[in-house]
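Trainee: Please find the sequence and the predicted model below.
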Amino acid sequence: MKTIETPEFGNATQHIYLQIYSKADLARLYESDEQYWNQPNIPITRLRISAYLANPNAEDDDTLLLTAWDGNLLIAYIGLVPELIHTTQGEQKINWLTSWWAEERYRGRGIAMRLFDLALAETRHAMTSSAHVQSSKRFHQCGKMSTYVTRERSFFFINISRKVLIDYKKYHGIFKYSYRFIHFISSLAMKYRYKWWVSVNPVGKDISLEYIRIPDQETMNFIQKNGRNDLAVKNKANLTWRMDLHFLSTQPRSISWRNSSYFAILGERFENFSAKVFNNATMTAFISFQIVDGVLRLPYFYILPGSEKQIAALIGKLVSDYQIDVINTHNPLVIKILNQYKLPFLFKKSHTVEAMRTNDLDLEPELLIQDGDGAI
């Protein structure tokens, strides 16, 4: 671990310095005594470190985490996630900049931007993705990054979702005190609406699912054939790591103090599945899906052209069987299918997510960033 003194940010009562952690440093931190892990504010958890260490694209000397401290108080951090992507020059290793955070009392002093500049200095090529206008503005202002693609991130609300309300700090007032009643009435109405929709859009008796934990050769062949416009390289090692990644970056919402210390998928109930979809003996799709407190995400989604209606019906059955409240996706094909086949929902909320790259990274235009790709 390397420490950098930053007297320009301190004063008579503050000792502010930066620390740079490589993969090897994080491995040592994982084995640290409990005194470190019992601090009131930590930059990362053991479970998240295990996800970083398992990344097949990370070497021991790769920088994966940068932090800023005021004495023993964590005040800012940023993470780096190595990934192989397709470029005009062939496969190249880049770093996704992720989990950029600063303690509110220390914002506006340039500490977070210093970490950002240091992160760019630690990597040759980088990408990042943000739905926050202020973050995107800062990325542009640094002069080292430019927009690669903008995507629509959509929330299809099948029901009123407590998780989404909490995540967006809207769980107060009328929602907090009448949520159970509103959710019950809405669930009842949508239950019969979905029962009707599934009856007119049946999955079909010839459709079957084979659940897998590790991608087999049939899965890899299918992805190579039907995922040619992917930005991220999908070899077996990368996909195996990614399929378990969301489980490793999840935490119980009840541990509220950790929410201010690191980014994670927060929830009280989490399920993670990957499945091959067959029509008779023909493989027509590979999908991975995760459900966190009633919110459905599809991290990886590959389908055989012409099977869109069957997959729409399959998503509808997942919504019905797992009592889904919200579908959250920025995959344009998923959004197109849900709209085209009129999957029932109360309303849809969308906003723009901007993916950015360092200026010297030469990419084919608008390659697909799957929901499970990129930062963690």
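Mentor: Thanks, I have it. Residues are numbered from 1 along each chain as shown.

Trainee: How far off centre is the helix or strand containing residue 120?
Mentor: Take DSSP states H and E as the rule and residue 120 turns out to sit in helix 111-121. For helix 111-121, the distance from its own C-alpha centre to the chain's C-alpha centre is 22 Å (C-alpha atoms, centre = their mean, to the nearest Å).

Trainee: cool, stretch 309-328 as well?
Mentor: With C-alpha atoms, centre = their mean as the basis, the mean position of stretch 309-328 lies at 20 Å from the chain mean.

Trainee: Poorly predicted segments of the chain, please.
Mentor: 12, 40, 131-133, 163, 166-176, 246-268, 375-376 (pLDDT under 70).

Trainee: how does it divide up, domain by domain?
Mentor: Domain assignment for the chain by automatic domain parsing gives 2-124, 154-358.

Trainee: what element comes up after the strand ranked longest in the chain heading to the C-terminus?
Mentor: With DSSP state E setting the assignment, residue counts place strand 73-87 as the longest strand in the chain. Next along the chain after strand 73-87, taking DSSP H and E as the criterion, comes strand 90-102.

Trainee: Would you mind finding the longest helix in the chain?
Mentor: Assignment by DSSP state H gives helix 174-200 as the longest helix of the chain.

Trainee: Helices of the protein, start to end?
Mentor: According to DSSP H, the chain carries its helices in the segments 23-30, 34-37, 46-53, 111-121, 133-141, 162-167, 174-200, 217-226, 236-248, 308-321, 332-340.

Trainee: related to what we said a few turns ago, how about the domains of the chain in JSON lines, adding distance to residue 139 and mean neighbour count?
Mentor: All C-beta atoms are positioned from the backbone trio N, CA, C, and that covers glycine. Putting these into JSON lines (distance: least, C-beta to C-beta, whole Å; neighbours: other C-beta atoms under 10 Å) gives the following:
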{"stretch": "domain 2-124", "distance to residue 139": "8", "mean neighbour count": "17"}
{"stretch": "domain 154-358", "distance to residue 139": "5", "mean neighbour count": "16"}
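
Trainee: got those as CSV, with distance to residue 365 columns?
Mentor: Putting these into CSV (distance: least, C-beta to C-beta, whole Å) gives the following:
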stretch, distance to residue 365
domain 2-124, 10
domain 154-358, 10
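
Trainee: and of those, who's closest to residue 134?
Mentor: Shortest distance between residue 134 and the domains of the chain, using C-beta to C-beta, is found for domain 2-124: 10.5 Å.

Trainee: How far off centre is that closest one?
Mentor: Distance of domain 2-124 from the chain centroid (C-alpha atoms, centre = their mean) equals 18 Å.

Trainee: Need the distance between the two termini of that domain.
Mentor: From its first residue to its last, domain 2-124 covers 19 Å (C-alpha to C-alpha, to the nearest Å).

Trainee: 492 is where my numbering starts, stick with that
Mentor: Okay, using 492 as the starting number, the last item reads as domain 493-615.

Trainee: and residue 641, what is it in contact with?
Mentor: 843, 844, 845, 846 (C-beta atoms under 8 Å, 6 or more residues apart in numbering).

Trainee: repeat for residue 828
Mentor: 799, 802, 803, 806.

Trainee: quick revisit: just checking, what packs against the longest helix of the chain?
Mentor: When contacts are defined as 3 or more C-beta pairs under 8 Å, 6 or more residues apart in numbering; DSSP states H and E, helix 665-691 sits against helix 653-658, helix 799-812.

Trainee: Redo these as CSV? Include distance to residue 551.
Mentor: Supplementary listing: the helices and strands packed on helix 665-691 in CSV, determined by distance: least, C-beta to C-beta, whole Å:
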stretch, distance to residue 551
helix 653-658, 35
helix 799-812, 40
